[in-house]
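In: model this:
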Amino acid sequence: MIRKRFASMFFAVLLIVGMGILLMGCSGQQQSGLADGTYAIEVDTDSSMFRADSCELTVADGTYTATLVLPGEGFSRLYFGTAEEAAAAEDADIYDYYLNDEGKYTFDIPVSALDEELPVAAFGHRRDTWYDHTITFASPAEDADAS
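Out: Purely as a prediction, here's the structure:
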């Protein structure tokens, strides 16, 4: 009886651990298998008013960070979520621009998933307003090598 109970508990623990491993492997970052390095990637948005000039994806220890360059100066802050959420968000959760070597608005932002449409709010500083948009970070081309 004790042996049977022990066996049942053992298999229950194995099932729980196995499910945890399976679920961890389902995140966008874990599925791509990208080697550490920097990749030039394509970015799609839902609007010609909010678009990317260029983007580099940096992979380090399974963590993805995008260096997103905008072509204009209309948006000075980004928040991953809705405009309503951004208006109430803490400053620590909002990404501010910096000027790159070419004087363009640039953001270093975490990427939670590749090839998925993500909600992003962009702050238009001229009108002091958050705008709802979507952004999709494309996986690097299969023949792309990390720099």
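In: tell me where this structure has strands.
Out: 37-40, 43-45, 54-60, 63-69, 75-79, 95-96, 98-99, 105-110, 117-124, 129-137 (DSSP state E).
In: next one: the residue nearest to L34 when sequence neighbours are not counted from A144, what distance?
Out: Using C-beta to C-beta, 6 or more residues apart in numbering and skipping the chain neighbours, the partner closest in space to L34 is V59 (4.7 Å). (C-beta placed from N, C-alpha, C; glycine too.) For V59, the distance to A144 (C-beta to C-beta, to the nearest Å) stands at 11 Å.
In: how about M49?
Out: Counting by C-beta to C-beta - M49 and A144 are separated by 29 Å.
In: my read is that A121 contacts A83, right?
Out: Yes - using C-beta atoms under 8 Å, A121 is in contact with A83, at 4.4 Å.
In: for the nearest residue to P110 once chain neighbours are set aside, list the residues it contacts.
Out: Leaving aside its sequence neighbours, P110 sits nearest to T65 (C-beta to C-beta, 6+ apart; 5.8 Å). Residues in contact with T65, defined by C-beta atoms under 8 Å, 6 or more residues apart in numbering, are L57, T58, D108, I109, P110, V111.
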